[in-house]
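Chemist: Requesting a structural model of the entry that follows:
(one chain, ligands or ions: 1)
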Amino acid sequence: MAAATPTTLPLSSEPASESSFWADADRHLVRYYGGGFTREIIERAAGSFVFTAEGRKILDFTSGQMSAILGHSHPAIVETVRRQVATLDHLYSGMLSRPVVELARRLAGTLPAPLEKALLLTTGAESNEAAIRMAKLVTGKHEIVSFARSWHGMTQAAASATYSAGRKGYGPSAPGNFAIPVPNAYRPDFTTPDGGLDWRRQLDFAFDLIDAQSTGSLAACLVEPILSSGGIIEPPPGYFAALQHKCRERGMLLILDEAQTGLCRTGTWYAFERDGVVPDILTLSKTLGAGLPLAAVVTSVEIEQEAYDRGFLFFTTHVSDPLVAAVGNTVLDVLADDGLDARARELGAFLRTGLEEMAGRHEVIGDIRGRGLLVGLELVVDRETKQSSDELGARVTRRCLELGLHMNIVQLPGMGGVFRIAPPLTATEDELALGLSILDTAIGEVSAAL
Ligand SMILES: Cc1ncc(COP(=O)(O)O)c(C=O)c1O
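Modeler: The predicted structure follows:
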């Protein structure tokens, strides 16, 4: 191979001009998804806003990648990172520090029995990877069941349990992964006589199929309490208790992935609190570090002991890292001190009222759903037929950005575009009102031009 020749010389500490920034980005960055990068340079972020190089102020209705529940650069997090990085940043993975043990103890304090043993990691995929490994080891089985619109991450076991995107072209997923249908009340597949969703029949049918396909090695069900990337679908009350019953009947563990729903966003500390179930294993990520890379797997003494006895191994570079564990402790402090579970309920109600008023003005709003500050808004071309249009959602998203609001839209086959609205729990009513008014304008303009 010829010696590498530098392509961009000289190296400079001057900020790149807008055009050379994009030339470098286009030339040197791997494009990791089809959506394309937002064509604005983001220079900084604070609270509920991000700021562009051109001086535009954009309201962040996705909390970064659904993570920054305390807004950007929350002063308490900034202070913790400064202090911790200067004191104890990273360690050999077999060593322990105070922030790690403190976070494990405090997480247990936010959770019902018997969830009291934590493994502290970095990303959501990694937490699900570890949970699946643990479930396989403890049950001695390997089959994993998850929702047909799930997103659990990009690593092998997590991606094998992810059905909403990314399955084609990467060769076989892990053997023994099965999907069950999503209980979607807006687009019911199994219906009651009055046209509502018959989720019990749907669930029975799903497990008849699972039993038919299983080789007798069902290890666990891995599900989100509210499917986020699947279009903000909230399974009806009673669903998770029934799912847990199906798991128990088959000796499977129930793993709940609260990457997006955990830590107060839905109005309770954990979304599963609504359902009267306690998972065997809980995974937390995005919201736990409020934007910094922190994740956790939490389980019972019994499961942890069984895993340990069978030689459980999950030894990574950043397991039990003190820096992000300290951040996690600060996240717990702010959530508790500021009562952000109640705040998510109040702001969620405010947002919901605004969206419902908006639905009165715009026929293209087909459905509003979700809980607390995790809200979905489904756009349709026709309310009667619920016909979808990818173009509609894409145009509203573009117009919102032009007007100063960052929104994320999920577009999946058979669904309208679904906006995922998840502002920081620290947002003000004025900020939510600003977002609502921009969205109202964008939907109005785009639907008038249909
Ligand atoms: C529910 C859920 N689980 C897991 C993940 C994966 O997390 P990460 O991207 O941090 O690996 C995501 C990411 O969107 C998610 O939404």
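Chemist: who in the chain is up against the ligand?
Modeler: With the criterion set to Cβ under 6 Å from any ligand atom, the chain comes near the ligand through 123-125, 128, 151-153, 224, 228-229, 257, 259-260, 285. In short, each C-beta sits where N, CA and C put it, glycine included.
Chemist: so can I have JSON lines of the residues you listed showing pLDDT?
Modeler: What follows is these, written out as JSON lines (pLDDT from 0 to 100):
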{"residue": "123", "pLDDT": "98"}
{"residue": "124", "pLDDT": "98"}
{"residue": "125", "pLDDT": "98"}
{"residue": "128", "pLDDT": "98"}
{"residue": "151", "pLDDT": "97"}
{"residue": "152", "pLDDT": "98"}
{"residue": "153", "pLDDT": "98"}
{"residue": "224", "pLDDT": "98"}
{"residue": "228", "pLDDT": "96"}
{"residue": "229", "pLDDT": "95"}
{"residue": "257", "pLDDT": "98"}
{"residue": "259", "pLDDT": "98"}
{"residue": "260", "pLDDT": "98"}
{"residue": "285", "pLDDT": "98"}
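Chemist: Mind checking which of these are in helices?
Modeler: 124, 125, 128 (DSSP state H).
Chemist: Looking at those, which one is closest to residue 338?
Modeler: residue 124 (24.4 Å; Cβ to Cβ).
Chemist: Quick one: low-confidence residue ranges for this protein.
Modeler: In the predicted model, the chain carries pLDDT under 70 at residues 1-13.
Chemist: In it, which residue sits nearest the ligand?
Modeler: Proximity of the chain to the ligand (Cβ to the nearest ligand atom) peaks at residue 124, 2.2 Å away.
Chemist: correct me, but that residue touches residue 259?
Modeler: Yes. Residue 124 lies in contact with residue 259 (Cβ atoms under 8 Å); the separation is 4.2 Å.
Chemist: Identify the contacts common to the two.
Modeler: 283, 285, 286, 295 (Cβ atoms under 8 Å, 6 or more residues apart in numbering).
Chemist: Let's see if you can find the most crowded of those.
Modeler: residue 283 (33 neighbours; other Cβ atoms under 10 Å).
Chemist: wait, what's in contact with that residue?
Modeler: With Cβ under 8 Å, 6+ apart, residue 283 has these contacts: 124, 127-128, 130-131, 255-259, 295-298.
Chemist: Please apply the same query to residue 380.
Modeler: 364, 366, 367, 386, 387, 388, 389, 416.
Chemist: same thing with residue 165?
Modeler: Taking Cβ under 8 Å, 6+ apart as the test, what residue 165 contacts is 151, 229.
Chemist: Just the element for it, please.
Modeler: Per DSSP states H and E, residue 165 falls between elements, in no helix or strand.
Chemist: Backbone dihedrals for it, both of them.
Modeler: phi -170, psi 160 (degrees, to the nearest 10).
Chemist: Same question for residue 406.
Modeler: phi -90, psi 120.
Chemist: Please report how far it lies from residue 221.
Modeler: 34 Å (Cβ to Cβ, to the nearest Å).
Chemist: Could you pull out the helices in the stretch 151-300 of the chain for me?
Modeler: 156-160, 199-213, 239-249 (DSSP state H, counting those that start in this stretch).
Chemist: now those helices as JSON lines including distance to residue 376?
Modeler: Listed next are these as JSON lines, based on distance: least, Cβ to Cβ, whole Å:
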{"stretch": "helix 156-160", "distance to residue 376": "23"}
{"stretch": "helix 199-213", "distance to residue 376": "18"}
{"stretch": "helix 239-249", "distance to residue 376": "17"}
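Chemist: Need the residue closest to the centroid of this structure.
Modeler: Nearest to the geometric centre of the chain sits residue 260, at 3.5 Å (Cα atoms, centre = their mean).
Chemist: quick one: contacts for it?
Modeler: So residue 260 contacts 66, 224, 226, 228, 286, 287, 374, 422 (Cβ under 8 Å, 6+ apart).
Chemist: Most neighbours among these, which one?
Modeler: residue 422 (30 neighbours).
Chemist: Report how many residues lie close to residue 176.
Modeler: That count, for residue 176 with other Cβ under 10 Å as the rule, works out to 18.
Chemist: cool, and residue 245?
Modeler: Neighbour number of residue 245 under other Cβ under 10 Å is 13.
Chemist: For residue 363, which non-adjacent residue is spatially closest?
Modeler: Among residues not flanking residue 363 along the chain, residue 383 sits closest, at 6.0 Å (Cβ to Cβ, 6 or more residues apart in numbering).
Chemist: Quick one: the strands in the stretch 301-450 of the chain, in order.
Modeler: 365-371, 374-379, 405-406, 408-410, 417-421 (DSSP state E, counting those that start in this stretch).
Chemist: can you list those strands in a markdown table and add distance to residue 272?
Modeler: Formatted as a markdown table, these follow (distance: least, Cβ to Cβ, whole Å):
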| stretch | distance to residue 272 |
| --- | --- |
| strand 365-371 | 12 |
| strand 374-379 | 14 |
| strand 405-406 | 29 |
| strand 408-410 | 22 |
| strand 417-421 | 20 |
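Chemist: what sits against the residue nearest to residue 88 when sequence neighbours are not counted?
Modeler: Leaving out its chain neighbours, the residue that sits closest to residue 88 by Cβ to Cβ, 6+ apart is residue 322, at 4.6 Å. Neighbouring residues of residue 322 by Cβ under 8 Å, 6+ apart: 84, 88, 89, 90, 91, 97, 98, 99, 100.
Chemist: related to what we said a few turns ago, which of residue 124 and residue 259 has more residues huddled nearby?
Modeler: residue 124 (28 against 25).
Chemist: Before I go, just wanted to say thanks for your time.
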